[in-house]
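Trainee: coords below, sequence missing:
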Ligand SMILES: CC(=O)SCCNC(=O)CCNC(=O)[C@H](O)C(C)(C)COP(=O)(O)OP(=O)(O)OC[C@H]1O[C@@H](n2cnc3c(N)ncnc32)[C@H](O)[C@@H]1OP(=O)(O)O
Ligand SMILES: CC(C)C(=O)C(=O)O
């Protein structure tokens with residue numbers, strides 16, 4: 001009984017236990033002497049954006065004219081020099097947009113070539129060429145599918161009829177373009193659609209015949225665009241097919257090999273990169289991988305993959321946020337938060353060990369970048385500054401975070417440089433708070449938690465009102481502190497605490513221990529300035545050792561002594577929370 005039906009004959013949906021009956025593996029070509037694995041990419045390819053064609057035809061809500069114009073201008077601004085602007089024989093809207101571009105002086109930069117797509121049908125070709133009248137530089141892009149599946153199912157054509165269709169289309173394009181209008185700098189592109197699913201030698205036969213019909217030159221080569229119209233198999237098989245084409249096409253010097261990978265298997269970027277190793281000169285794709293079904297290859301990822309290898313991609317994505325915004329507005333499709341390089345989470349580390357590594361890496365980079373600007377930061381392949389982003393967005397805090405990220409955020413947002421043991425203590429408090437909240441902590445919440453925990457905003461059990469310091473020698477200080485004691489039972493009360501020590505802090509400890517019958521001492525201590533000039537303040541961090549336990553206190557004040565005294569009282573206030581009430 002077929003696995004598609006159960007015991008009572010009901011159709012069974014869902015995945016097959018054995019898919020081999022329904023899905024056949026791709027049969028690649030044998031290329032025992034393939035060279036592409038031995039190569040590396042050393043320069044950017046020619047780019048073509050098909051955002052306004054392949055990207056647009058696949059949108060639930062295709063772009064309006066104004067949206068296309070905004071998108072086109074953005075593509076020019078970031079440096080794309082070949083832009084497929086539509087399928088003008090498809091609709092009046094597409095046709096009118098191409099005309100608007102051509103008829104609006106200055107809209108198409110002189111170094112930009114617009115491209116349009118046409119099937120191999122005479123009336124459509126004629127309409128397509130008509131759309132380009134008056135253009136300075138224009139590529140007519142002809143396509144017809146050549147794979148067995150499309151020959152048998154869509155066209156019901158033999159190989160010969162498929163070949164003839166390609167030659168007819170080419171000759172017709174030539175008839176209406178370069179043979180009848182030399183005012184336009186015509187370029188010609190031919191796509192054997194479904195290249196990656198066709199017989200390699202048949203593709204060569206078709207392309208050599210198309211080339212003979214167009215008669216390209218080395219100065220104006222024919223563009224053979226090799227689409228993985230539906231991505232069929234692992235990227236290496238595509239590279240093999242491209243290398244086979246690159247090696248065997250005749251008059252290679254008169255040919256520009258272009259790639260057009262789709263992303264059905266999620267490996268379009270790999271296919272495009274391996275295809276370049278295999279000999280391709282040009283890549284067609286869309287920004288952020290928009291396009292039919294699972295999209296065309298993502299030009300942004302390809303560009304940054306080059307950039308982070310030290311190779312200029314020849315397109316400028318410095319204002320990445322603006323590019324994202326325009327794409328999202330026009331495509332009505334959001335860039336995924338984890339989209340390579342562009343997603344709003346890709347520069348963000350929540351997990352403690354990542355945050356710790358990044359904050360250490362950024363600190364060392366800051367120290368060495370004047371002499372060694374090499375970007376080597378754990379977990380960050382790209383410097384967010386290169387795309388006008390900020391480091392602040394890198395580290396965010398939730399229950400997965402650790403002391404390193406918390407310390408980084410307090411330092412970078414509030415200039416509070418916590419000593420390591422205090423980082424450990426407060427990092428734990430943040431983890432517990434975030435775990436209970438089950439959400440990320442905002443910067444404001446982090447600050448409030450810190451200021452509350454260490455009584456920087458609202459007084460703890462012991463808080464400083466005033467102090468007088470007398471010195472009877474470098475190691476002999478007498479302090480008189482007015483300390484407010486928040487009563488548990490009775491109302492708050494003010495106490496004058498007198499103490500002696502080798503400094504103000506030890507004198508305060510002495511006074512507090514005698515006044516309140518306490519037994520504690522000071523462990524580690526550190527302080528630093530916050531800000532500069534008249535607004536400068538001191539931040540003091542004091543470890544209070546009480547009954548064998550460590551409690552950190554923090555004090556901030558314009559007066560450095562007050563800051564230290566406040567830190568002691570902050571620490572002992574925290575310790576007192578554990579005393580029997
Ligand atoms: C892989 C790609 O993305 S290719 C680009 C696809 N984009 C689009 O199709 C968007 C714009 N297309 C359109 O507006 C319409 O398809 C038009 C105007 C081009 C044609 O419309 P129609 O004449 O109604 O044809 P339709 O859309 O049904 O296309 C299928 C017909 O075109 C033929 N055809 C398909 N592709 C090609 C081609 N490249 N060259 C020649 N004929 C083709 C098919 O064999 C079929 O012919 P048939 O009706 O005789 O069987
Ligand atoms: C028209 C061709 C290049 C195409 O879009 C495809 O094959 O995906």
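Mentor: Yes, it's here. The shown structure was predicted, so the numbers you read here are calculated from the model rather than taken from an experiment. Ligands and ions are numbered 1, 2, ... in the order given.
Trainee: use CA for all of it now, contacts and neighbours both
Mentor: Fine.
Trainee: Can you tell me what sits against whichever strand or helix holds residue 74?
Mentor: For residue 74, the element it lies in under DSSP states H and E is helix 65-77. Residues outside helix 65-77 that contact it (CA atoms under 8 Å, 6 or more residues apart in numbering): 49, 52, 83, 85, 93, 97, 107, 109, 112, 323, 326-327, 330.
Trainee: Write the ChimeraX selection for whichever of the residues you listed are buried.
Mentor: Those of those that count as buried under 16 or more other CA atoms under 10 Å are selected in ChimeraX with:
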select :49,52,83,85,97,112,323,326,327,330
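Trainee: which stretches of the chain aren't confidently modelled?
Mentor: The model of the chain has pLDDT under 70 over residues 1-4, 392, 488-492, 580-581.
Trainee: can you rerun that using 80?
Mentor: The model of the chain has pLDDT under 80 over residues 1-6, 12, 390-395, 487-492, 579-581.
Trainee: Pop the domain breakdown of it in here.
Mentor: For the chain, the TED database gives the domain ranges 36-331, 352-454, 462-579.
Trainee: now the ones you listed as JSON lines including distance to ligand 2?
Mentor: Output for the domains of the chain, formatted as JSON lines (distance: least, CA to the nearest ligand atom, whole Å):
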{"stretch": "domain 36-331", "distance to ligand 2": "4"}
{"stretch": "domain 352-454", "distance to ligand 2": "30"}
{"stretch": "domain 462-579", "distance to ligand 2": "58"}
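Trainee: is it true that residue 237 touches residue 28?
Mentor: Yes: using CA atoms under 8 Å, residue 237 makes contact with residue 28 at a distance of 5.6 Å.
Trainee: The two: which is more packed in?
Mentor: residue 237 (21 against 18; other CA atoms under 10 Å).
Trainee: what's the distance between the residue of the stretch 351-500 of the chain found nearest ligand 1 and residue 149?
Mentor: In the stretch 351-500 of the chain, the residue that lies nearest ligand 1 is residue 387 (32.0 Å; CA to the nearest ligand atom). According to CA to CA, to the nearest Å, residue 387 and residue 149 sit 44 Å apart.
Trainee: sorry, back to before: quick one: secondary structure of the residue lying closest to the residue of the stretch 351-500 of the chain closest to ligand 1 once chain neighbours are set aside?
Mentor: Spatial nearest neighbour of residue 387, chain neighbours left out: residue 318 (4.3 Å); criterion: CA to CA, 6 or more residues apart in numbering. Three-state call for residue 318 (DSSP: H, G, I helix; E, B strand; the rest coil): coil.
Trainee: ok, residue 318 - how many residues close by?
Mentor: Residues contacting residue 318 under the criterion other CA under 10 Å number 15.
Trainee: all strands of the stretch 201-350 of the chain, in order?
Mentor: Ranges of strands in the stretch 201-350 of the chain, per DSSP state E, counting those that start in this stretch, are 222-228, 255-261, 282-285.
Trainee: In a markdown table, list those along with mean neighbour count and distance to ligand 1.
Mentor: Formatted as a markdown table, these follow (neighbours: other CA atoms under 10 Å; distance: least, CA to the nearest ligand atom, whole Å):
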| stretch | mean neighbour count | distance to ligand 1 |
| --- | --- | --- |
| strand 222-228 | 25 | 8 |
| strand 255-261 | 26 | 10 |
| strand 282-285 | 26 | 12 |
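Trainee: Any chance of CSV for those strands, columns distance to residue 44?
Mentor: Below are the strands of the stretch 201-350 of the chain laid out as CSV (distance: least, CA to CA, whole Å):
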stretch, distance to residue 44
strand 222-228, 17
strand 255-261, 13
strand 282-285, 9
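Trainee: for the ones you listed, which one sits closest to residue 425?
Mentor: strand 282-285 (50.4 Å; CA to CA).
Trainee: Would you give the sheet partners of that closest one, along with the direction of each?
Mentor: The pairing partners recorded for strand 282-285 under DSSP bridges are strand 46-49 (parallel), strand 255-261 (parallel).
Trainee: what are the ranges of the strands in the stretch 401-550 of the chain?
Mentor: Going by DSSP E, counting those that start in this stretch, the stretch 401-550 of the chain shows strands at 462-471, 477-485, 493-501, 520-530, 537-546, 549-557.
Trainee: re the thing from before, test my guess that the residue nearest to residue 387 contacts residue 389.
Mentor: No: using CA under 8 Å, residue 318 makes no contact with residue 389, being 9.1 Å away.
Trainee: quick one: which of the domains of the chain is nearest residue 342?
Mentor: Among those, the nearest to residue 342 by CA to CA is domain 36-331 (7.3 Å).
Trainee: contacting residues around the residue of the stretch 351-500 of the chain closest to ligand 1?
Mentor: Residue 387 makes contact with 317-321, according to CA under 8 Å, 6+ apart.
Trainee: for residue 518, same thing?
Mentor: Counting by CA under 8 Å, 6+ apart, residue 518 has contacts residue 512.
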